[in-house]
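Peer 1: no letters, just coordinates:
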């Protein structure tokens, strides 16, 4: 717990304690006063009842009782017979829920009666305007103090952090980098998530800008050559043999540009449709699809292609279209970097309790050990003359990651590169 939190908690507890102590003390004093008043009223009413009973006993009939009852204007008097029927009562005066009542039984001409006298408990408060004003003022003071405490808590716990949060967002819009801020509670989680999101967006934006700049550079180089050779052919000062050579070079450079643009277009199209639609696919079906799709084509290109499935009963949850792109990019990358007479690409599928492993290895030129961790970056290249060697492996990493898996590379047992894919086993 930070110092600010401790200070706020101490202030709130002290403030709350003062309000509770004051309210309790005031309530105790009021309760004591009211209790004493009720006790005194009961004693007084008993005396009144005895006095009234004495006067009633001197009358000739119950018809005279109303005159006696009306002599006592400060209290409410009701006289009932043994059948609980009202014989007489005070005129224009009724009982209330806060009345103090005293009942006294008596006999009149050998018949039982009950006199009930009552008085309003808070009559002193109601009659004394100063006491009533003080009572209302104290209640108002307690309510105002509680309201102030509530406002303080709301401001400290909610409004002030949100205001600081808004100020940080405004500073971020002006170009200031977001830093760590010790917000408390839920607002702290929201802020941390916001910082993480902005940093991811900044990272993606920087990557996109660097990729676009690199693509522009890689297009500019062969395009310059195309323009140069085209200009020489246009001038007509070259032999027919040299012209054919220039045309072949122009064609090769154009193909290079086309491949680069196609690769960039593939990267953009993937980022526009990142959502995956998974379904259960057995590893045997994956192995069969790879053999059917690449077996004949690679054999015709002089590549020995083999698929080994050691996880016959395992299944994985994948998006068929996107994973097909992963296998195509990896196998295509292997073919580009194999220059020996004997070309080998081997796919092996294994599994353990929770994971399915798919490895694709070749006997190509491979990658240096220290660069195995960065070949999946969009800007990686082994050619120092180019800034972008390809975006295919970067796309593979994103697709496998969207499936909850992992992808990495190591040296193949055939001496080339081996790309390993780990995917959660379907349950």
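Peer 2: Cool, the structure landed. The model shown is predicted, which means the values in this text are computed figures rather than measured ones.

Peer 1: helices of the stretch 301-427 of the chain, residue ranges please.
Peer 2: Taking DSSP state H, counting those that start in this stretch as the criterion, the stretch 301-427 of the chain contains helices spanning 320-336, 392-402.

Peer 1: what's the average pLDDT for the helix or strand containing residue 42?
Peer 2: The secondary structure element spanning residue 42 is helix 3-56 (assigned by DSSP states H and E). Helix 3-56 carries an average pLDDT of 67.

Peer 1: neighbouring contacts of the helix or strand that it is followed by?
Peer 2: Scanning forward in sequence from helix 3-56 by DSSP H and E, the next helix or strand is helix 65-69. The contact list for helix 65-69 (CB atoms under 8 Å, 6 or more residues apart in numbering) reads 52, 55, 56, 59, 77, 79, 87, 88, 89, 90, 91. Quick note: C-beta positions are derived from backbone N, CA and C, even for glycine.

Peer 1: ok, then the element right after helix 65-69?
Peer 2: Next along the chain from helix 65-69, counting by DSSP H and E, comes strand 76-81.

Peer 1: buried stuff in that next one?
Peer 2: For strand 76-81, the neighbour count (16 or more other CB atoms under 10 Å) marks 76, 77, 78, 79, 80 as buried.

Peer 1: surely the first one meets residue 100?
Peer 2: Which is residue 76. No - Residue 76 is beyond contact range of residue 100, at 10.5 Å (criterion: CB atoms under 8 Å).

Peer 1: residues that sit against both of the two, list them.
Peer 2: When contacts are counted by CB under 8 Å, 6+ apart, residue 76 and residue 100 are jointly contacted by 118, 119.

Peer 1: which stretches in this structure count as strands?
Peer 2: Listed in chain order, the strands found in the chain under DSSP state E are 76-81, 86-89, 99-108, 111-120, 279-282, 303-309, 315-318, 343-351, 355-362, 406-411, 417-424.

Peer 1: partners of the last one in the sheet?
Peer 2: Strand 417-424 sits in its sheet next to strand 355-362 (antiparallel), strand 406-411 (antiparallel), going by DSSP bridges.

Peer 1: I'd like the average pLDDT over that strand.
Peer 2: Averaged across strand 417-424, pLDDT comes to 94.

Peer 1: any idea how far residue 168 is from the residue most central in space within the chain?
Peer 2: The centroid of the chain falls nearest to residue 190 when counting by CA atoms, centre = their mean (6.6 Å). Summarising the geometry, the distance separating residue 190 from residue 168, computed by CB to CB, to the nearest Å, is 12 Å.

Peer 1: number of residues surrounding residue 111?
Peer 2: For residue 111, the number of neighbouring residues by other CB atoms under 10 Å comes to 10.

Peer 1: and if you look at residue 295?
Peer 2: Applying the criterion other CB under 10 Å, we find 14 residues in the vicinity of residue 295.

Peer 1: find the nearest non-adjacent residue to it, please.
Peer 2: Closest residue in space to residue 295, ignoring its immediate chain neighbours: residue 305 at 5.5 Å, by CB to CB, 6 or more residues apart in numbering.

Peer 1: got CSV for the strands of the chain, with distance to residue 234 too?
Peer 2: What follows is these, written out as CSV (distance: least, CB to CB, whole Å):
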stretch, distance to residue 234
strand 76-81, 123
strand 86-89, 127
strand 99-108, 118
strand 111-120, 117
strand 279-282, 55
strand 303-309, 41
strand 315-318, 52
strand 343-351, 41
strand 355-362, 43
strand 406-411, 46
strand 417-424, 43
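
Peer 1: does residue 395 touch residue 329 like I think?
Peer 2: Yes - in this structure, residue 395 sits in contact with residue 329. The criterion is CB under 8 Å, and the distance is 6.2 Å.

Peer 1: and for those two, which residues touch both?
Peer 2: When contacts are counted by CB under 8 Å, 6+ apart, the set common to residue 395 and residue 329 is empty.

Peer 1: how close does residue 160 get to residue 242?
Peer 2: Residue 160 sits 78 Å away from residue 242, going by CB to CB.

Peer 1: so, low pLDDT: which residues of the stretch 151-300 of the chain?
Peer 2: Counting by pLDDT under 70, the ranges of the stretch 151-300 of the chain that qualify are 154-159, 179-187, 211, 214, 266-274.

Peer 1: which of the contacts of helix 65-69 has the weakest pLDDT?
Peer 2: By pLDDT, residue 91 ranks lowest within the contacts of helix 65-69, coming in at 81.

Peer 1: which pLDDT value goes with the residue nearest to it when sequence neighbours are not counted?
Peer 2: Once flanking residues are discounted, residue 91 sits nearest to residue 70: 6.7 Å by CB to CB, 6+ apart. Predicted confidence (pLDDT) for residue 70: 85.

Peer 1: for residue 70, grab phi and psi.
Peer 2: phi -70, psi -10 (degrees, to the nearest 10).

Peer 1: count the residues that sit near it.
Peer 2: By other CB under 10 Å, the burial measure for residue 70, its neighbour count, is 12.

Peer 1: same thing with residue 141?
Peer 2: Number of residues near residue 141 (other CB under 10 Å) recorded here: 14.

Peer 1: same deal with residue 233?
Peer 2: With neighbours defined by other CB under 10 Å, the count for residue 233 comes to 16.

Peer 1: report the contact partners of it.
Peer 2: By CB under 8 Å, 6+ apart, the contact list for residue 233 reads 243, 246, 247.

Peer 1: please flag which of those residues sit within helices.
Peer 2: With helices identified by DSSP state H, the entries of those that belong to them are 243, 246, 247.

Peer 1: quick check, nearest of those to residue 289?
Peer 2: residue 247 (40.4 Å; CB to CB).

Peer 1: residue most distant from the centroid, this structure?
Peer 2: Distance from the centre of the chain peaks at residue 60, with 87.4 Å (CA atoms, centre = their mean).

Peer 1: any chance of the contacts of helix 65-69 in a markdown table, with distance to residue 336 too?
Peer 2: Below are the contacts of helix 65-69 laid out as a markdown table (distance: CB to CB, whole Å):
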| residue | distance to residue 336 |
| --- | --- |
| 52 | 119 |
| 55 | 125 |
| 56 | 123 |
| 59 | 128 |
| 77 | 114 |
| 79 | 116 |
| 87 | 118 |
| 88 | 118 |
| 89 | 112 |
| 90 | 112 |
| 91 | 114 |
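
Peer 1: can you tell me which of those residues are buried?
Peer 2: Here, 16+ other CB under 10 Å leaves 52, 56, 77, 79, 87, 88, 89, 90 buried among these.

Peer 1: I'd assumed residue 70 was in contact with the first one.
Peer 2: No - in this structure residue 52 lies outside contact range of residue 70 using CB under 8 Å: 11.4 Å.
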